[in-house]
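Colleague: Here is my input, please return the structure:
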Amino acid sequence: MKVACVSIDILHPVLTSLYDCGCEIMKVFTCKTDNITEFNTKTVAFAKEHDIPLQMDRITKDDLYDLVALGCDFVLVGGYYYVIPVIDELRIVNTHPAYLPIGRGAWPMPLTILKGLTESGITMHRMTKGLDEGEIILREKMPVYADDDLLTLTERQNALIPPMVKKLVSDFDNLWDSAVPQDDSIAEYWEMPEKDQYTVKDTDSYDKVDLILRAFYSYECYYIDTATGQEYELIGAVAKPGAPKDESSPNIFSVKGGYISAPKVRCI
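Modeller: Alright, predicted model coming up:
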């Protein structure tokens, strides 16, 4: 099949699985990322390695019509920062890291952990003008464990993607035509997390801090020393119970019943 892929690294198996299934990847669309907490390096390298045309600029309707003219069968999306246009002439499938209709929204993974959910998954659905509202083509469920962090959750979600892509490619027309509308009566749309949701204080309990740092692990979190008012940006921070061996370390921050260890720290 002739396909195009929209991708950043967080759902990288979407791109590699299309290739592994023998699809002709006509073009890869990606977008600029900070390459500190969010990456596109694997996506860019893959496109260059396999001589696939790569576009960094924001996708337009003209880009989609160009794909139609070249005989593109469908577009598969695996992460993107912007709204992608929808045209009747081209079928677009979005890969969403939640078990829809629960968890609509741009970044459901950390909220899955914050909400204490015990299940999540991956959904492939028709892309429509309504965010994450399109008819469900494929869906796979997986457990969420009590000690999961953002990385372990995402890794387990990504493990679901290759067999889903294989199934999608092997019977695309039938799967597209038999897609099932989402049950709006149970749907939940989750807004992007605000800064206060990934900010902790020295007066917070270890349990609260541990939950927040696991939910946003590998992304920026913030710590406030209430005595001085000093704020710090932490990346890769983890919470640990008890007292640290070296309380004087600049990468150690106290909380009630424990402490934070952060490999990357910046004063705000």
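Colleague: Please, where are all the strands along the stretch 1-150 of the chain?
Modeller: 2-7, 24-29, 54-55, 74-78, 92-96, 102-104, 119-126, 136-143 (DSSP state E, counting those that start in this stretch).
Colleague: Output the longest helix belonging to this protein.
Modeller: helix 150-170 (DSSP state H).
Colleague: Could you tell me the angle between it and strand 136-143?
Modeller: Counting by axes from the mean of the first three to the mean of the last three CA atoms, to 10 degrees, helix 150-170 lies at 150 degrees to strand 136-143.
Colleague: Show me what counts as buried in helix 150-170.
Modeller: Residues 150, 153-154, 156-158, 160-162, 164-165, 167-169 are the ones in helix 150-170 that count as buried (16 or more other CB atoms under 10 Å). Every residue, glycine included, has its C-beta placed from N, CA and C.
Colleague: which of these lies closest to residue 128?
Modeller: residue 168 (17.4 Å; CB to CB).
Colleague: The closest one is in contact with residue 140, isn't it?
Modeller: No - Residue 168 is beyond contact range of residue 140, at 11.6 Å (criterion: CB atoms under 8 Å).
Colleague: before we move on, the earlier item: same list (the strands of the stretch 1-150 of the chain) but as TSV, adding mean neighbour count, mean pLDDT and distance to residue 258.
Modeller: Formatted as TSV, these follow (neighbours: other CB atoms under 10 Å; pLDDT from 0 to 100; distance: least, CB to CB, whole Å):
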stretch	mean neighbour count	mean pLDDT	distance to residue 258
strand 2-7	24	98	38
strand 24-29	20	98	43
strand 54-55	16	98	45
strand 74-78	24	98	36
strand 92-96	25	98	34
strand 102-104	21	98	29
strand 119-126	22	98	27
strand 136-143	16	98	26
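Colleague: how about the helices in the chain?
Modeller: 13-20, 41-49, 61-69, 108-114, 150-170, 172-177, 206-215.
Colleague: What are the buried residues along the first one?
Modeller: Read that as helix 13-20. 13-19.
Colleague: helices or strands next to it in the packing?
Modeller: Helix 13-20 sits against strand 2-7, strand 24-29, helix 41-49, strand 74-78, helix 150-170, with contacts defined as 3 or more CB pairs under 8 Å, 6 or more residues apart in numbering; DSSP states H and E.
Colleague: Save the helices of the chain as TSV, and put in distance to residue 89 too.
Modeller: Shown next, in TSV, are the helices of the chain (distance: least, CB to CB, whole Å):
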stretch	distance to residue 89
helix 13-20	21
helix 41-49	24
helix 61-69	5
helix 108-114	30
helix 150-170	20
helix 172-177	14
helix 206-215	40
